[in-house]
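Engineer: starting from these lines, generate the structure:
(one chain, ligands or ions: 1)
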Amino acid sequence: MGEEVANVKKKKKIIIDTDPGIDDAMAIFVALQSPEVEVIGLTTIYGNVYTTLATRNALHLLEVAGRTDIPVAEGSHVTITKGTKLRIADFVHGADGLGNQNFPPPKGKPIGQSAVEFLVEQANLHPGKITVVALGPLTNIALAIQRDPGFVKNIGQIVLLGGAFSVNGNVNPAAEANIFGDPDAADIVFTSGADILAVGINVTHQVVFTEEDRNRLTQSTGKFAQYLCKILGIYYSYHHDAYATQGVYLHDPTALLAAVNPSLVTYIEGVVRVQTTGITRGLTLFDNTKKRYGEITEWSNKPTVKVAVTVDAPAVVDMVLERLLNS
Ligand SMILES: O=c1[nH]cnc2c1ncn2[C@@H]1O[C@H](CO)[C@@H](O)[C@H]1O
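Structural biologist: Down below sits the predicted model:
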């Protein structure tokens, strides 16, 4: 076997489910620059933008990267309960999702398969070998779980950016944006029995990309670095206004790198349920399963998941920089 072939075989196959999104763009570029993984497809979802625009942006980002060999499968336009009143974070990413840069429309088209069909097919083709990195609301993943009873077993791992574990949310004090986007889907995913690592904002808020880090991108001739400098402005202003910080949180790149290199985070294991109604809709509630409760609870006899609790933040920032500067 040639060395090249052997390397491709060793690489972890990943599918990125994404709603690009400025930090999604960063995560996608970092993934494409990561020799440890092979990106076998992008699936799209609403969240930072509506799904139609997410598909356009995914195709556009792959064209910027010169990676039009990677398929894009369009995902759901509505929540799992067919809800059409979506919460779109255009105030974080711009109306176009990519910093209001008026990029030309992509030349490429999504594949004929839907995101759910693509996810189910790939998990069946490569049982136990695929990691889904879910960077938006979890509708597509929950639909795949409902569509194919074998999906949970066939999918290798799901690393998801979502939840606010024992901290306030970013939509409101209870809820983080991706879980708030489709709490019913999130509860299906968390209780599905799949191998899940949840990276919540309790972790990603520790990973700050400073003005100084951005300046290093600006000074680089790397194509991804230059592209990102064009779109990052609005993301910095939003963080400045909302959090009074001079830097931005690296949500999606942190989750992506946790999939690439699991030793960047530590985690605890327990049962996660998602509140689907009321003022705490979208709340993620972790049971460490240590207490024997006197009665059956909504957490009893549910499969456990991994929830990230610490992150080597300097290492994440260094890896992001290194991979984007050398592009
Ligand atoms: O305040 C916010 N409201 C909505 N979405 C946000 C906010 N801050 C960040 N994100 C976006 O949601 C994911 C993390 O929760 C990230 O994709 C981030 O870009």
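Engineer: just want the most central residue of this structure.
Structural biologist: The centre of the chain sits closest to residue 135, judged by CA atoms, centre = their mean, with a distance of 1.6 Å.
Engineer: OK, contacts around that one?
Structural biologist: The neighbours of residue 135, taking CB atoms under 8 Å, 6 or more residues apart in numbering as the test, are 16-19, 21, 24, 27, 160-161, 178, 251-252, 255-256. Every C-beta, even on glycine, is put in place using the N, C-alpha and C of the backbone.
Engineer: one more pass at 7 Å, please.
Structural biologist: For residue 135, the contacting residues are 16-19, 24, 27, 161, 252, 255, taking CB atoms under 7 Å, 6 or more residues apart in numbering as the criterion.
Engineer: contact residues of the chain facing the ligand?
Structural biologist: Proximity of the chain to the ligand is confined to 21, 23, 48, 89, 92, 170-171, 176-178, 201, 242, 251-252 under the rule CB under 6 Å from any ligand atom.
Engineer: narrow those residues to those that are buried.
Structural biologist: By the neighbour-count criterion of 16 or more other CB atoms under 10 Å, those include these buried positions: 21, 23, 48, 89, 92, 170-171, 176-178, 201, 251-252.
Engineer: using JSON lines, please lay out the residues you listed together with secondary structure and pLDDT.
Structural biologist: Written out in JSON lines, the entries for those read as follows (DSSP: H, G, I helix; E, B strand; the rest coil; pLDDT from 0 to 100):
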{"residue": "21", "secondary structure": "coil", "pLDDT": "96"}
{"residue": "23", "secondary structure": "helix", "pLDDT": "97"}
{"residue": "48", "secondary structure": "coil", "pLDDT": "97"}
{"residue": "89", "secondary structure": "coil", "pLDDT": "95"}
{"residue": "92", "secondary structure": "helix", "pLDDT": "96"}
{"residue": "170", "secondary structure": "coil", "pLDDT": "97"}
{"residue": "171", "secondary structure": "coil", "pLDDT": "97"}
{"residue": "176", "secondary structure": "coil", "pLDDT": "98"}
{"residue": "177", "secondary structure": "helix", "pLDDT": "98"}
{"residue": "178", "secondary structure": "helix", "pLDDT": "98"}
{"residue": "201", "secondary structure": "helix", "pLDDT": "98"}
{"residue": "251", "secondary structure": "helix", "pLDDT": "98"}
{"residue": "252", "secondary structure": "helix", "pLDDT": "98"}
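Engineer: per-residue pLDDT, the residue of the chain most remote from its centre?
Structural biologist: In the chain, counting by CA atoms, centre = their mean, residue 294 sits farthest out from the average C-alpha position, at 37.0 Å. Model confidence at residue 294, expressed as pLDDT, equals 93.
Engineer: what sits against it?
Structural biologist: By CB under 7 Å, 6+ apart, residue 294 has no neighbours at all.
Engineer: from residue 48, how far out is the residue in the stretch 151-300 of the chain positioned nearest to the ligand?
Structural biologist: When CB to the nearest ligand atom is the measure, the stretch 151-300 of the chain has its nearest residue to the ligand at residue 177, with 3.4 Å between them. Spatial separation of residue 177 from residue 48 under the definition CB to CB, to the nearest Å is 8 Å.
Engineer: tell me, what's touching these two both at once?
Structural biologist: Here residue 177 and residue 48 have residue 89 as joint contacts, going by CB under 7 Å, 6+ apart.
Engineer: quick one: buried residues of the longest helix seen in the chain?
Structural biologist: Ranked by number of residues, the top helix in the chain under DSSP state H is helix 51-65. The neighbour-count criterion (16+ other CB under 10 Å) identifies 51, 53-62, 64-65 as the buried residues of helix 51-65.
Engineer: C-terminal to it, what's the next element?
Structural biologist: Toward the C-terminus, helix 51-65 is succeeded by strand 72-73 as the next helix or strand (DSSP states H and E).
Engineer: give me the contact list for that following strand.
Structural biologist: Applying CB under 7 Å, 6+ apart, the set of residues contacting strand 72-73 from outside is 41-44, 55, 58-59, 62, 110-111, 113-115, 118.
Engineer: select from those every entry located in strands.
Structural biologist: The subset of the contacts of strand 72-73 located in strands under the criterion DSSP state E comprises 41-44.
Engineer: quick check, nearest of those residues to the ligand?
Structural biologist: When the ones in strands among the contacts of strand 72-73 are compared for distance to the ligand (CB to the nearest ligand atom), residue 44 comes out closest, at 13.6 Å.
Engineer: count the residues that sit near that closest one.
Structural biologist: Applying other CB atoms under 10 Å, we find 33 residues neighbouring residue 44.
Engineer: looking at it, it is touching residue 18, isn't it?
Structural biologist: Yes: because the distance of 6.3 Å satisfies CB atoms under 7 Å, residue 44 is recorded as touching residue 18.
Engineer: least trustworthy helix or strand in the protein by mean pLDDT?
Structural biologist: Across the helices and strands of the chain, mean confidence by mean pLDDT, DSSP states H and E is lowest for helix 3-10: a mean of 63.
Engineer: and the next helix or strand past it?
Structural biologist: In N-to-C order, the element after helix 3-10 by DSSP H and E is strand 12-18.
Engineer: could you pull up the mean pLDDT of that following strand?
Structural biologist: The pLDDT scores in strand 12-18 average 98.
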